Every structure is written in structure tokens, then in C-alpha cells.
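K.L.:
any chance you could fold what I've pasted below:
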Amino acid sequence: MGLAHGVGGAARPVAGGGAVKHGWPPAGSRAAIAACNRRWFEKAAEGGLPCGAPDASMAAGPSESVMTASTPITGGEAVVRSLIAHGIDTVFGLPGIQLDHFFNALHDHGNEVRVLNARHEQGTAYMAFGWAQSTGRIGTYAVVPGPGILNTGAALATAYGCSARVLALTGQIPSDTIGRGLGMLHEIPDQLGILERLTKHAARIDHPTQAPRAVAEAFRQLRSGRPRPVALEVPMDILAMKAMVGEPIVGAPDPTPALDPDQVAAAARILGEARNPMIFVGGGAYDAAPDIRELSAMLQAPVVSYQNGRGIVDEREPYALNHPAGNEYWADCDAALAIGCRMQIERTFWGLDDSVKVVHVDLDPTEINRVAKPAVGIVADAAEAARALLDAIPQAQPQARLARRRADRAAGPPPRPGRADRRPADGVQRRLAPGAAGGRLLRRRVHPGRLRRAHRLPGLRPAHHGHARLPGHARLRLRDRPRRPGRQP
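P.N.:
From the prediction side, this is the model:
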């Protein structure tokens, strides 16, 4: 009669003799196994085990297991322990054979991590993306390798484009068969290379002892610089392998770039002297929402949000504009502050000339000059830059401007265009039927994406996304976007 290791490392007897290498169930007939288990549990109830007593981890229960550096654990357990150490309490997942030992570990830590399943891998990835966007925390999902991780490609690309913190965990075929083309289940060529092209950082864990450091590096990438998804893959045999694994490693993110006081002063001078400044915000500005609202009030500048950036300023406020409505004010703009966005549409389609000075704030230095070189480019965290501008702008405002601002405040906020006076959003033109009283609308020819941007419910707070359908009887037709006279795209 051999031995097999069960929960907590206690040994179980195995009918037929011989040691069991790959865990439970052992080889042998069902009757022999049942009889063997029955005798083992009877001895356990009496307080004496023929094959050794349970250790402290068994007494504590699966979710409270005692793990030390001197206790061999599986690769799946090592990964889960590291996730918990980094604050992950929710994993969106779809189990599969390559992830069995990972999900076993999640089950053992059921009081610390909850697992939410979906019917399709794409659903788990989009759930993690939605979690990251709505909570500001890291969204984590786990799917099988090969077609499983490929099914999440659209969600990973979306998270990459939206600068969302998403951690993709996937399995892999047995480590000694990777790249050999043996036709293993869910084998695809160069899975790690595919993940490297869809994420900010991708790595493979080749041994359980590498798990703490690999997970720590993934979280460092998630929390440093521009947020974007990362991926980790672990071969199925590594998830099952037991080894002496050290404690999880939790490090600090990289420091953000230091503010350049000369650039801040130059930006404050441009914004402080502008007569009609505008603020444009994208997904990189969510953490700076309170400071942006204060900046808007100080400058009396409308805040224009893209699809990402909705709700940074409550759109019920007088100076909050969605992107199509911002086109109405662009003709009079003489200074634009872009925070966490590219300002690509304004500079390429709305038109831009030398009379508009652009101040661009972004944590990613490659974005500053990507579309066009701004008058001032500040590479910094959005919240830090906004706070610095709040301190610097009052010193740069001439007295005449301050007097005009006080007069404007006394008169109340400027009236926003009424529905009857405002042009249809984003260059959409209504066309009246000849002789039709009341302006009956005719057929529409509108790009669906533009309709979604132009007609949606207001964003009331950061990460709040409202949606509304255009009434079915509305008939619209596109025309060229209005451009400021004399400006070239």
C-alpha cells in the first residue's frame, strides 16, 4: 500500500502499493480506493493516522492554510498567494484542464478571492476591463491557452487603447513541448510573442520559485507609467509542480516624472492670459478629476471630454461639454489644455492655426509630439500637473483679466446654446423637406460610431458611462465639420 498526499500534505494510503506521483486519485479499482479512504478517515476520526498526522494547514482549513517558505507548494498556489499579496480579491475566469491547479488554489483561498465565471473567454476579459474602468483597480482574468487566450484578444486590445490596468493570466501546454509542434491540446505557435504584441508586458513562469518575482514585475508594470494590460503564462506542469517557494514580493511602482517648473510657468502664462481657454480630457485624466474641476472654475473654461473622460466634470454643470458640443466653442478658442488625451480630432479635423496655443499634459512622453508639437509639453502625472497649474495660474493672470473674470462671475455663467440654436452634434446637419412646416426630418446618412458619440446620456462622475439611442424617427445627414475660417487641418 503506497501513499498519496492530500490536503495539507497529510499522506493517504493507496490500494495496490507504490507511490503516487501526480496526486489524487491513485491507481486501483474504485472499491479498493473507497475501502482505503474509509479506513483512513476512520483512523482520522479516532485521532490516530497510520500514515502520519495532519499538519497545521489541515487544521486551519483550506482558506486559512498556513504556508511558509519551508512548505512545498504548487505553482498554482504560488501564483494565487502573490495575487492576494498585491490586493487582488476578484478573478474573472473560465476553468480548463491547463489551469486545474490554479483554480484548485483559488478554491483553497475562497475566503480571500472570489471567482466569477463567464460562458466565453471574451466575456471574462471584458469583465476584467469593465472592473478596471469602473473601480480604478486592477482587473484580473484567467483563461486557458491557445484559442482561450486568443478569444480575449479584442478585450486586451480595447484595454490597451483605453489605458486600462488589466492582468491576463493564461496556462500553457507542458513546458517540455512548447515550440515543438507536437499537436498538444490548445497549442499555438509563439503564444508569448502574441501576448507581447497585445500588452505592455508579457512573461512566462518556468518554475514555481519564479512566481513571486514574475507576479511582482507584472504589478510593477501595471502601476508604473502609462497604465496598460500585462500578461503572464504558466505551463500546466509548472502549475502542478511543488517546490519550496519564498514569500510573495510586493514592491513599489516606479516614481512619476518630476515636474519641470519652467514648463509649468509657461503653461500657466498661456492659460492665464487666454480670453477663451478650453480644457480637453481623456482617460488619462480620471485621477485628476477634482483638480480639473477647480481649474475649469478658475479659468472659466469649458471641459470637453472624449468617450474616455466622460464624468470628470459632471455634465449637468454649465462648463461640461461632450466632444460634439465642444466643436461649437472651438472657433473662439485661443488656448487649449489637453490632459490625458491626444487632441487628435481637433488638430487634424477641426483645424488649427498659430493663434491657438496648446498645452499638452501626458504621462507618456511619446504622446506629447505624436500628433503635433504643442506650445508647451508637460510629461507628468495628470493630478500632479493639474495641482501645479492651480498654484501657478493665479500668479500669471494680469489684473485686467482678473477684472473681466470678476465681471463675468457677477453676470453669471454664459448661456449655452439652446437646442433650437445649436447645430446638430459633431457636424451632423438637419435637412428640411421642402414646404414642410415645423421642419420634418428626412432620411439619415450617419456613421454609427458618430451617432454613439453624439447621442448618449451625460457622464455624471468619473467612470460613469451613459448610453442612449437616437429616436428611430430621427433622420440625419452628415456634412463637413465646421472649421474656423482660415485654419487648415
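
K.L.:
so where's the chain uncertain?
P.N.:
1-70, 396-405, 408-409, 412-489 (pLDDT under 70).

K.L.:
per-domain residue ranges of it.
P.N.:
2-54, 69-244, 261-411 (automatic domain parsing).

K.L.:
show the contacting residues for residue 225.
P.N.:
254, 363-364 (CB atoms under 8 Å, 6 or more residues apart in numbering). Backbone N, C-alpha and C define where each C-beta goes, glycine included.

K.L.:
now these in TSV, with neighbour count and secondary structure?
P.N.:
Below are the contacts of residue 225 laid out as TSV (neighbours: other CB atoms under 10 Å; DSSP: H, G, I helix; E, B strand; the rest coil):
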residue	neighbour count	secondary structure
254	11	coil
363	21	coil
364	16	coil
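
K.L.:
could you dump these into a markdown table and include distance to residue 194?
P.N.:
Formatted as a markdown table, the contacts of residue 225 follow (distance: CB to CB, whole Å):
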| residue | distance to residue 194 |
| --- | --- |
| 254 | 26 |
| 363 | 27 |
| 364 | 23 |
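
K.L.:
what's the closest of those to residue 344?
P.N.:
Minimum distance to residue 344 across the contacts of residue 225 is 14.0 Å, recorded for residue 364 (CB to CB).

K.L.:
quick one: the closest one and residue 380, what's the gap?
P.N.:
11 Å (CB to CB, to the nearest Å).

K.L.:
do the same with residue 204
P.N.:
Taking CB to CB, one finds residue 204 at 34 Å from residue 380.

K.L.:
likewise residue 103?
P.N.:
Residue 103 is 41 Å from residue 380, by CB to CB.

K.L.:
what do you get for residue 108?
P.N.:
Applying CB to CB to residue 108 and residue 380 gives a distance of 43 Å.

K.L.:
what does residue 275 give?
P.N.:
Taken as CB to CB, the span from residue 275 to residue 380 is 26 Å.

K.L.:
looking at those two, which one has more neighbours?
P.N.:
residue 380 (20 against 10; other CB atoms under 10 Å).

K.L.:
would you check that that one makes contact with residue 261?
P.N.:
No: if you go by CB atoms under 8 Å, residue 380 and residue 261 don't touch, sitting 11.3 Å apart.

K.L.:
who touches both of those two?
P.N.:
Shared contacts of residue 380 and residue 261, counting by CB under 8 Å, 6+ apart, come down to nothing at all.

K.L.:
wait, residue 171 sits on residue 102?
P.N.:
Yes: contact criterion CB under 8 Å: residue 171 and residue 102 qualify, at 7.3 Å.

K.L.:
just give me the neighbour total for residue 127.
P.N.:
19.

K.L.:
looking at this, residue 258 is in a strand?
P.N.:
No: judged by DSSP: H, G, I helix; E, B strand; the rest coil, residue 258 forms no part of a strand; its state is coil.

K.L.:
quick one: contacts for the closest residue in space to it that isn't next to it in sequence?
P.N.:
Spatially, and ignoring its direct neighbours in sequence, residue 258 is nearest to residue 380 (7.8 Å; CB to CB, 6 or more residues apart in numbering). With contact taken as CB under 8 Å, 6+ apart, residue 380 is in contact with 256-259, 361, 363, 388.

K.L.:
residue 379 and residue 289, how far apart?
P.N.:
Taken as CB to CB, the span from residue 379 to residue 289 is 20 Å.

K.L.:
same check on residue 407?
P.N.:
Residue 407 is 29 Å from residue 289, by CB to CB.

K.L.:
between the two, which one's more packed in?
P.N.:
residue 289 (22 against 9).

K.L.:
if we ignore the residues flanking it in sequence, what's nearest that one?
P.N.:
residue 312 is the one closest to residue 289 (CB to CB, 6+ apart), at 4.6 Å.

K.L.:
ok, residues contacting the helix or strand hosting residue 73?
P.N.:
Using DSSP states H and E, residue 73 maps to strand 72-74. Strand 72-74 has contacts (CB under 8 Å, 6+ apart) with 9, 67, 81, 101, 104-105, 208, 239-245.

K.L.:
and the furthest pair within those?
P.N.:
So, the contacts of strand 72-74 by CB to CB: farthest apart are 104 and 244, at 19.1 Å.

K.L.:
what about these two, which has more around it?
P.N.:
A direct count of neighbours by other CB under 10 Å for residue 104 and residue 244 places residue 104 higher, at 18 against 12.

K.L.:
who's in contact with the more buried one?
P.N.:
So, once contact is read as CB under 8 Å, 6+ apart, residue 104 ends up touching 74, 76.

K.L.:
would you mind measuring from it to residue 115?
P.N.:
11 Å.

K.L.:
same check, this time on residue 101
P.N.:
From residue 101 to residue 115 the distance is 14 Å (CB to CB).

K.L.:
neighbour-wise, which of those two wins?
P.N.:
residue 101 (24 against 16).

K.L.:
re the thing from before, overlap in contacts, residue 171 and residue 102.
P.N.:
With CB under 8 Å, 6+ apart, residue 171 and residue 102 have common neighbours 234, 239.

K.L.:
for the residue nearest to residue 289, what are its contacts?
P.N.:
Contacts of residue 312 (CB under 8 Å, 6+ apart): 281, 285-286, 288-289, 292-293, 303, 305, 459, 462.

K.L.:
go on, residue 78?
P.N.:
208-209, 211-212, 243, 245.

K.L.:
pull out the buried members of those residues.
P.N.:
Using 16 or more other CB atoms under 10 Å as the burial test, the contacts of residue 78 include 208-209, 211-212, 245 as buried.

K.L.:
could you dump these into CSV with distance to residue 218 and secondary structure added?
P.N.:
Formatted as CSV, these follow (distance: CB to CB, whole Å; DSSP: H, G, I helix; E, B strand; the rest coil):
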residue, distance to residue 218, secondary structure
208, 16, helix
209, 16, helix
211, 10, helix
212, 11, helix
245, 16, coil
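
K.L.:
and those residues, which two are furthest apart?
P.N.:
Top of the distance list for the buried ones among the contacts of residue 78 (CB to CB): 208 and 212, 9.4 Å.
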